[in-house]
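In: can't give you the sequence, but here's the structure:
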């Protein structure tokens, strides 16, 4: 029996383009029809049904450095 939300249960595919420093997380197949910018350079891509098809992070190395640095400090304190 196939589950109704089987597409959502798949493991996301992650792609990084070093030339443009962009990280893309594909959540499902389908064309992007619209996007929402949730933070500068962070886009949630939507299909025509307004379902999330992907997440794009521009300037990914800088963005992730800013996110991971505080997390690293918290982990050191917890250890």
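Out: Ah, there it is. Predicted, not measured: the structure shown is a model, and the values here were computed from it.
In: would you map the helices across this protein?
Out: Per DSSP state H, the chain carries helices over the ranges 60-78.
In: can you pull up the most central residue in it?
Out: The central residue of the chain, meaning the one whose C-alpha is nearest the mean C-alpha position (CA atoms, centre = their mean), is residue 55 at 3.4 Å.
In: quick one: it and residue 74, what's the gap?
Out: Computed with CB to CB, to the nearest Å, the distance linking residue 55 and residue 74 is 23 Å. No exception for glycine: its C-beta is placed from N, CA and C like everyone else's.
In: equivalent analysis for residue 51, please.
Out: Plainly put, residue 51 is 33 Å away from residue 74 if you go by CB to CB.
In: who has more neighbours, the two?
Out: In this view residue 51 and residue 74 are compared by other CB atoms under 10 Å, and residue 51 has more residues nearby, 14 against 9.
In: I figured the more buried one hits residue 28, correct?
Out: Yes. In terms of CB atoms under 8 Å, residue 51 counts as a neighbour of residue 28; the distance is 7.0 Å.
In: and stretch 23-36, what's buried?
Out: Residues of stretch 23-36 classed as buried under the neighbour-count rule (16 or more other CB atoms under 10 Å) are 23, 24, 26, 27, 30, 35.
In: which strands or helices does the lowest-mean-pLDDT helix or strand in the chain pack on?
Out: With mean pLDDT, DSSP states H and E as the measure, the helix or strand of the chain carrying the lowest mean pLDDT is helix 60-78 (a mean of 79). Helices and strands touching helix 60-78, as assessed by 3 or more CB pairs under 8 Å, 6 or more residues apart in numbering; DSSP states H and E, comprise strand 22-26.
In: quick one: the strand it packs on to helix 60-78, angle?
Out: 80 degrees (axes from the mean of the first three to the mean of the last three CA atoms, to 10 degrees).
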